[in-house]
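Peer 1: Give me the fold of what follows.
(4 chains)
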2 protein chains.
Amino acid sequence: MTAEPAGAVKTLRPARTTATRQKLFDASMELIGERGAAGVTVDEIAAAAGVSKGTVYYNFGSKSELIAQLLRHGVDILKARLQEAPGQKAPIQVGSGQESAAQRAATAASADPLLEMEAMIGQALDFMSEYPSFARLWVSENWRTPSEWQGTFAVLRGELLEVIGQAVERVAQAYPVDSTVSRGSLETAIFGACFVVGLDRQTYHPERTRDQSVAAIMAIMRGYVLQRPGPRG
Amino acid sequence: MTAEPAGAVKTLRPARTTATRQKLFDASMELIGERGAAGVTVDEIAAAAGVSKGTVYYNFGSKSELIAQLLRHGVDILKARLQEAPGQKAPIQVGSGQESAAQRAATAASADPLLEMEAMIGQALDFMSEYPSFARLWVSENWRTPSEWQGTFAVLRGELLEVIGQAVERVAQAYPVDSTVSRGSLETAIFGACFVVGLDRQTYHPERTRDQSVAAIMAIMRGYVLQRPGPRG
DNA sequence: CTAACTAAACTGACCAGTCAGTTCAAATAG
DNA sequence: CTATTTGAACTGACTGGTCAGTTTAGTTAG
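Peer 2: Sure, this is the predicted structure:
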């Protein structure tokens, strides 16, 4: 019988378990990204992770749950990357006037929300380069209608779009923008363009540079902003 | 014994076969779009098409070949739609000065390549609405690395991007554009945004209108064009 | 001592592809 | 006009193999 219901506590977990789960995440990400969730067997994943099949079930309970947690894992990484982009550095609510040099640098870099946006898109593309399999898994399963991970996707998608939405909002505060454009659709377009441009670069056009890709996606923002006299205020 | 090797002649094919193949395309498109190529069985497809399993193999030879031809079929439809957009109406080389009223209307509408671009994006979104399963199949399988349909995708992707590329070219001829932006990346961004915005509307935001979506994607073009004094020439 | 993990065998469902046989519309023969 | 033949189109039971998930008895590491 499996002790501890699969996928229980995440924190305070023994080091061995954490390492095992990480190995399984790495192996799954790779294999599933290449051949799709349905195209990979649990035996293969276990073998690739250098672990027995029983361990997969001990840790995750099912193939489906493994993949759900894999999606969550990837989104956590991507969100962290996006928030690394200057100006996204979470609500710093420490006593006023005591920012560190690093904090001041971040603030300075984020003075222009368009530059911040550019940094975010760059981070997104870097993520796609680093975890191409995650991007493939995402686009493969995201829009399936009665998907096993429908709920998972709805939540994760919302989290990512919120980060983008905040950055767009900051642009809209600093610049005159075309208010006839639906904010939601715009965010989706940016989000989608990041994935597709990133994946396409990976698969079909490795010669395209990161900066070319960023510039192409940034065209969306330049088209959203009405004039270019720099941020106001 | 099966006469005629599967998937041979396409033209002059007896009506019965054409009807059968169409039924199989319709059924496959629906099922595969929902649950993915690997998630659907040939038995299910046959049943949904109201045909026996043997007929699938008689007509296509393999599940894989059925899907390859399904992709080709969908791209043919999408390409036709994109070329319906004003100004794309293929090289009309009939005797000069004898255009029909319809041709003149199309020419008039295409006077502005940006409007033409807008029409094309609208057509793309309409296609996504009408064949959502095709779009899902496309994004699900397009970027798999050693895919069964790698070659198929490379060809079809090229055909679609060429149509977009021509429209972008016409914009670049008529307007001053940001020449530092890589044309290929830009086209990919537009292409990707169409798919993702279309699918997202379908799956998560049915309340978003077609025109909102078009406007969001058109932001890319507005950002690519440097000024807005109307087309030159 | 116990949670985490191993190794290997096993079950039961599922599924791609096969093939011997059936149908029927059109061609040909009488 | 009727009988016969032909073969493309189609059928569906069957085969061989695969795979998620289970079980069990034992091992390792913290």
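Peer 1: so what's the spatially most central residue of chain A closest to, chain neighbours aside?
Peer 2: Nearest to the geometric centre of chain A sits A:Leu78, at 2.9 Å (CA atoms, centre = their mean). Using CB to CB, 6 or more residues apart in numbering or on different chains and skipping the chain neighbours, the partner closest in space to A:Leu78 is A:Phe127 (5.2 Å). For every residue, glycine as well, the C-beta is placed using N, CA and C.
Peer 1: so what's the one you found up against?
Peer 2: A:Ile77, A:Leu78, A:Arg81, A:Phe134, A:Ala135, A:Gly198 (CB atoms under 8 Å, 6 or more residues apart in numbering or on different chains).
Peer 1: Looking at the residues you listed, spot the one nearest DNA strand C.
Peer 2: Of all these, DNA strand C sits closest to A:Ile77, with 20.8 Å by CB to the nearest atom of the strand.
Peer 1: if we look at the helix or strand the closest one falls within, which residues are touching it?
Peer 2: Assigned by DSSP states H and E, A:Ile77 belongs to helix A:63-84. Contacts to helix A:63-84, defined as CB under 8 Å, 6+ apart, come from residues A:6-7, A:24-25, A:28-29, A:32, A:37, A:42, A:45, A:56, A:59-60, A:88-90, A:120, A:123-124, A:126-127, A:131, A:134, A:137-138, A:148-149, A:152-153, A:156, A:159-160, A:163-164.
Peer 1: Go through the contacts of A:Phe127 and give me the one with the most neighbours.
Peer 2: A:Gly198 (26 neighbours; other CB atoms under 10 Å in any protein chain shown).
Peer 1: rewinding a little: what's the PyMOL syntax to select whichever of the contacts of helix A:63-84 are buried?
Peer 2: If you want just the buried ones from these in PyMOL, going by 16 or more other CB atoms under 10 Å in any protein chain shown, the selection is:
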select buried, chain A and resi 6+24+25+28+29+32+37+45+56+59+60+88+120+123+124+127+131+134+137+138+148+149+152+153+156+160+163+164
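Peer 1: lowest-confidence helix or strand of chain A?
Peer 2: Using mean pLDDT, DSSP states H and E, the weakest-scoring helix or strand in chain A turns out to be helix A:101-109, at a mean of 48.
Peer 1: Report the angle between the lengthiest helix in chain A and helix A:63-84.
Peer 2: Scanning chain A for the helix with the most residues, using DSSP state H, yields helix A:150-174. Here helix A:150-174 runs at an angle of 10 degrees relative to helix A:63-84 (axes from the mean of the first three to the mean of the last three CA atoms, to 10 degrees).
Peer 1: Mind giving me the packing neighbours of helix A:150-174?
Peer 2: For helix A:150-174, the packing partners by 3 or more CB pairs under 8 Å, 6 or more residues apart in numbering or on different chains; DSSP states H and E come out as helix A:63-84, helix A:113-130, helix A:183-203, helix A:210-224.
Peer 1: Quick check: phi and psi at the closest residue to A:Gln212 other than its chain neighbours.
Peer 2: Nearest non-adjacent residue to A:Gln212, counting by CB to CB, 6+ apart: B:Ser182, 4.1 Å away. Dihedral pair for B:Ser182: phi -60, psi 120, per degrees, to the nearest 10.
Peer 1: Count the neighbours of B:Ser182 for me.
Peer 2: 18.
Peer 1: Might one say that it is in contact with A:Ala215?
Peer 2: Yes. With contact defined as CB atoms under 8 Å, B:Ser182 counts as touching A:Ala215 (7.1 Å).
Peer 1: got the CA positions of stretch A:178-190 in CSV?
Peer 2: Provided in CSV are the C-alpha atoms of stretch A:178-190 (Å, rounded to 0.1, in the frame of the first residue of the first chain):
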residue,chain,number,x,y,z
ASP,A,178,-5.3,53.1,-27.9
SER,A,179,-8.1,52.6,-25.5
THR,A,180,-10.3,51.0,-28.1
VAL,A,181,-8.1,47.9,-28.0
SER,A,182,-9.4,45.3,-25.6
ARG,A,183,-6.8,44.8,-22.8
GLY,A,184,-7.5,41.1,-22.5
SER,A,185,-7.1,40.4,-26.2
LEU,A,186,-3.9,42.4,-26.2
GLU,A,187,-2.5,40.4,-23.3
THR,A,188,-3.4,37.2,-25.0
ALA,A,189,-1.8,38.3,-28.2
ILE,A,190,1.5,39.1,-26.4
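Peer 1: Now do the buried residues in that stretch.
Peer 2: Those would be A:Val181, A:Ser182, A:Arg183, A:Gly184, A:Ser185, A:Leu186, A:Glu187, A:Thr188, A:Ala189, A:Ile190, for stretch A:178-190 by 16+ other CB under 10 Å.
Peer 1: from the residues you listed, which is closest to DNA strand D?
Peer 2: For the buried residues of stretch A:178-190, the residue nearest DNA strand D by CB to the nearest atom of the strand is A:Thr188; the value is 32.2 Å.
Peer 1: List the contacts of the closest one.
Peer 2: A:Thr188 is in contact with A:Leu161, B:Val196, B:Val197, B:Asp200, B:His205, B:Ala216, counting by CB under 8 Å, 6+ apart.
Peer 1: Distance of it relative to B:Arg183?
Peer 2: Per CB to CB, to the nearest Å, A:Thr188 is found 24 Å from B:Arg183.
Peer 1: just the angle between the longest helix of chain A and helix A:210-224, please?
Peer 2: 70 degrees.
Peer 1: Tell me the buried residues in helix A:150-174?
Peer 2: Buried residues in helix A:150-174, counted by 16+ other CB under 10 Å: A:152-153, A:156-157, A:160-161, A:163-168, A:170-172, A:174.
Peer 1: Between all of those, which two are separated the most?
Peer 2: Distances among the buried residues of helix A:150-174 were taken as CB to CB; the most separated pair is A:Thr152 and A:Ala174, at 34.4 Å.
Peer 1: Below-threshold pLDDT in chain A: ranges please.
Peer 2: Residue ranges of chain A with pLDDT under 70: A:1-16, A:87-110, A:227-233.
Peer 1: returning to that earlier point: next, report how far the helix holding A:Ile77 is displaced from the centre of its chain.
Peer 2: How far helix A:63-84 lies from its chain's middle: 7 Å, per CA atoms, centre = their mean, to the nearest Å.
Peer 1: list the buried ones in that helix?
Peer 2: For helix A:63-84, the neighbour count (16+ other CB under 10 Å) marks A:63, A:65-71, A:73-75, A:78-79, A:81-83 as buried.
Peer 1: if we look at DNA strand D, which of those residues are close to it?
Peer 2: Filtering the buried residues of helix A:63-84 for proximity to DNA strand D by CB under 7 Å from any atom of the strand leaves A:Lys63.
Peer 1: Sounds good, over and out.
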